[in-house]
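Asks: Quick one, what's the 3D model for this:
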Amino acid sequence: MQTRVAVLVLALLGSDLDFPFATVLLDETIVNGKSRSAPTPQTRRETFSAGATAVLVDVVVRNKQDRPLRGLTADDFEIFEDGVRQIIGSFSIVERAGGIGIRVGRRVAPSTTEGGSSSPETAPAPADRPVVAIVFDALKPDALELAQRAALAYLPMNGETDARVGVFAADPGLRVLQSYTDDTALARRAVQGVTAAGTTQQQIEAERRQTLNQRLTALDALGVGRDTAVFSPDPGANATAAQAIIEQQMTELELSMLRSSDSLDRDQRGFGSANALLSVIQSLAVLPGRKTLVYLSEGLPASPAMQARLGSLIGVANRGNVSIYAIDAAGLRAQSTLMETRQEIDAAGQERLRQTSMSRDPTNGPMTRMVERTEDLLRLDPQGGLDRLAGDTGGFLIRDTNDLGSAFRRIDEDNRFHYLLSYSPSNSEFDGKFRTIQVKVRKPGAQVFARKGYVAVRRPAPGFLSYEGAALAALDHGKPPNDFPVSARGFVFPDPKGIAAVPIVVHVRTRDLHFTVEEERGTYTGQAVIVARIRNAAGQTVHTLSQQYLMTGAAKDVGAARDGEILFYRQPELRPGVYSLETVVQDVIAQQSSARLSTLTVPGVSPDHVPTSTLVVVEHTERVPSTNRQSGLPFYYGDTLLYPNAGDPLRLGRDTELMFYFAFYRGSAEDPAVTLEILAGGQTLASVPVELAAPIPQGRAQHVGKLPIDKFPAGTYELRLRLRSGATEDLRNTFFTIAK
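Replies: Numbers count the residues shown, from 1 in each chain. This next block holds a predicted model:
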């Protein structure tokens, strides 16, 4: 069980389908005449562009009085990428007049030489008008009232606005209240239609945690549980002390459960909000002009699990040149958001003192657990995520004020006046790494607001996540890398509807990855990224599937971590055709990668014939209770889950049998005849009939069988399946290796 711990933990970070674990063997056929419901495809389209690589940067410059700084020329700006100064390729001033229905503006034309003079140009075309997305998070009534008042003040009562405005709600799923429009009446109606969230469960639990911490403090003052405490000769006093110890233990247990629930709840809420924001950012990224996202929220905690998600969100925003302006809609709080953080950190310190003064550790965990807990608490401030989201995308955070309208006034100023710079990076390598951007202005007291960087990847598809960058770069950079062993395989399960379920399985053993052990902190860290990319015959990407794996724990447990494995599983859907499957595993710490390339063929389906599935070599199996089964998974065989072998070798002397699996559909024709052949070096070693369970009704049927291999010498073998039904014959094959 310990070898799968990493996968179980990481399933909480967004993995769609991770297998449970156990072992059982069987040899029979199960028939299921019912058609399964097809899961929703995870389609991604990719936009291709030609021409020279250039980076476009919107820059807002303000003076000491926080007013727009005008009159700057290209000579006043410097751009640095990863600390290296870049040559400014173009320089423009975007300026628009304010007022309803007024779209009079000017743009200073790009200079032909660095620092060259500029001359005014005609107003930007309507397509260059700014676009503003107003996103309301789940807000309590008081916060919503402040947010609505500020947004309505920004939107005029009648007429048109210079910007196109869209209104959305993220609570936590995305709701489109009003698509992008210049009709302010529609936008105002959408803002007025946002509803408040009630008292949340996390608020109730936060109050309960505070009460429990106060009770533990009171028990500590009485000396409950200390080794120095001695029992009194008075039996009544002893009974009272014993009751107090039991109360302390029960309080600690409840507090531990609430903390675990709080951590998971924060991550779940954060993921929901991040996914909603990602959808809005993607809608903005394809539009021209200056793009602004106004996020009205009471907080977005940047927990450890949310750090990677926030990084990806910021990467997508920067790539689409979207500036995020975050507004703490709670306004001027009676109690600082840091108060709960401070209280929790104090409670964590008291718990550590309690552990050292007691003869037991109520957590049964390593001392480093409190270190990790403290680091988590430092990111508990709900404004932490908002600050990072705004600061890294060239926007800003408005907090600790009831004048939320000031944020919209500043947004309007930035949209009406800003500078537009571009440059061609001196580093033309698409290595998937993050490149920092720093814009400097040669004016005393100038405040510069611009995006902080981008990920250097070639042709990023919509929905690209920042952690995928280096892994995808390894795929696109010449010869596929092979730094450590990796197994990867795609399987095809046709359906009568004509769309095949295509499970993708990638397997890597953690002993082949690098771990960093920090002796002072007593912790270990490992990190891996797995990406599977599917392209059609035209070379277009139809699916990009990925997962980031963060592995941490106590240093004493690093041996168990190195003895584990990661099993990546995704199940997209594909129409008939030929596809290429590219999979890559990146060891983030060692900066090493291994890739595997293969071909997927999805056969066509006719009314009279549904082709047989891929012939699968089964690694092992597990019996799964009905309450834990996932629908639509082709590897369920009754109550048993089959783990496919993605290419790992079998071991001579250890593996005495080979288990295989396939699925097929029986039409109106006669029962199929199935033959299994074993080949080596192209020569047939054996051919045996496969006995199917009878009778076989029409519909989907499955078969699992076993083949003795204890007499086979080491080598690579081909397993070939022939299934004849009426006038049709399906031929499926797979390869397996027996190693010494």
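Asks: tell me the helices in this structure, going along the chain?
Replies: 5-10, 141-154, 184-192, 201-221, 235-285, 304-319, 338-357, 368-378, 383-391, 405-416, 469-476, 558-562 (DSSP state H).
Asks: can you tell me the average pLDDT over the fifth one?
Replies: Per-residue pLDDT over helix 235-285 has a mean of 70.
Asks: What of the shortest one?
Replies: Computed over helix 558-562, the mean pLDDT rounds to 90.
Asks: From the contact counts, what lies against that helix?
Replies: Judged by 3 or more Cβ pairs under 8 Å, 6 or more residues apart in numbering; DSSP states H and E, the packing partners of helix 558-562 are helix 5-10, strand 523-535. Yep, even glycine has a C-beta here, placed from its N, CA and C like the rest.
Asks: In CSV, list the C-alpha atoms belonging to the last one.
Replies: Think strand 523-535. Taking Å, rounded to 0.1, in the frame of the first residue of the first chain, the C-alpha atoms of strand 523-535 are listed here in CSV:
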residue,chain,number,x,y,z
THR,A,523,11.7,17.0,4.9
TYR,A,524,12.0,15.6,1.4
THR,A,525,10.6,17.0,-1.8
GLY,A,526,10.0,15.5,-5.2
GLN,A,527,8.2,16.9,-8.2
ALA,A,528,7.1,15.3,-11.5
VAL,A,529,5.0,16.5,-14.5
ILE,A,530,3.3,14.1,-16.9
VAL,A,531,1.9,15.4,-20.2
ALA,A,532,0.1,13.4,-22.9
ARG,A,533,-0.5,15.1,-26.2
ILE,A,534,-2.7,13.6,-29.0
ARG,A,535,-2.4,15.0,-32.6
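Asks: For that strand, which strands pair with it and how are they oriented?
Replies: Sheet pairing here is set by DSSP bridges, and for strand 523-535 it gives strand 516-518 (antiparallel), strand 541-554 (antiparallel), strand 577-587 (antiparallel).
Asks: picking that back up, could you identify which of the helices and strands packed on helix 558-562 has the lowest mean pLDDT?
Replies: helix 5-10 (a mean of 30).
Asks: what's the spacing between residue 417 and residue 397?
Replies: Plainly put, residue 417 is 21 Å away from residue 397 if you go by Cβ to Cβ, to the nearest Å.
Asks: Buried residues, stretch 287-304. List them.
Replies: Judged by neighbour count using 16 or more other Cβ atoms under 10 Å, the buried positions of stretch 287-304 are 287, 289-303.
Asks: now residue 454, nearest residue through space, not along the chain?
Replies: Distances taken as Cβ to Cβ, 6 or more residues apart in numbering place residue 318 nearest to residue 454, at 5.2 Å, with adjacent residues excluded.
Asks: so what's the one you found scoring on pLDDT?
Replies: 84.
Asks: Repeat that for residue 46.
Replies: At residue 46, the model reports a pLDDT of 33.
Asks: residues in contact with residue 452?
Replies: Contacts of residue 452 were listed using Cβ atoms under 8 Å, 6 or more residues apart in numbering, and they are 314, 318, 391-394, 436-438.
Asks: cool, residue 470 as well?
Replies: If you count contacts by Cβ under 8 Å, 6+ apart, residue 470 has them with 431-433, 529, 586, 588, 591, 593.
Asks: returning to what we had before: could you tell me the least trusted of the strands paired with strand 523-535?
Replies: Across these, strand 541-554 gives the lowest mean pLDDT, at a mean of 87.
Asks: Could you quantify the relative orientation of it and helix 304-319 as an angle?
Replies: Here strand 541-554 points in a direction 140 degrees away from that of helix 304-319 (axes from the mean of the first three to the mean of the last three Cα atoms, to 10 degrees).
Asks: Just give the number of residues close to residue 597.
Replies: 12 (other Cβ atoms under 10 Å).
Asks: which residues does the nearest residue in space to it that is not next to it in sequence contact?
Replies: Leaving aside its chain neighbours, residue 597 sits nearest to residue 582 (5.6 Å; criterion: Cβ to Cβ, 6+ apart). The contact partners of residue 582, taken as Cβ under 8 Å, 6+ apart, are 475, 532-535, 595-597.
Asks: Residue 553: which of those is nearest?
Replies: Checking the contacts of residue 582 against residue 553 with Cβ to Cβ, the nearest one is residue 532 at 26.9 Å.
Asks: quick one: contacts for the closest one?
Replies: Counting by Cβ under 8 Å, 6+ apart, the residues that residue 532 touches are 488, 504, 506, 543-546, 568, 570, 581-583.
Asks: Try it again at 7 Å.
Replies: By Cβ atoms under 7 Å, 6 or more residues apart in numbering, residue 532 lies in contact with 504, 506, 545, 570, 581, 583.
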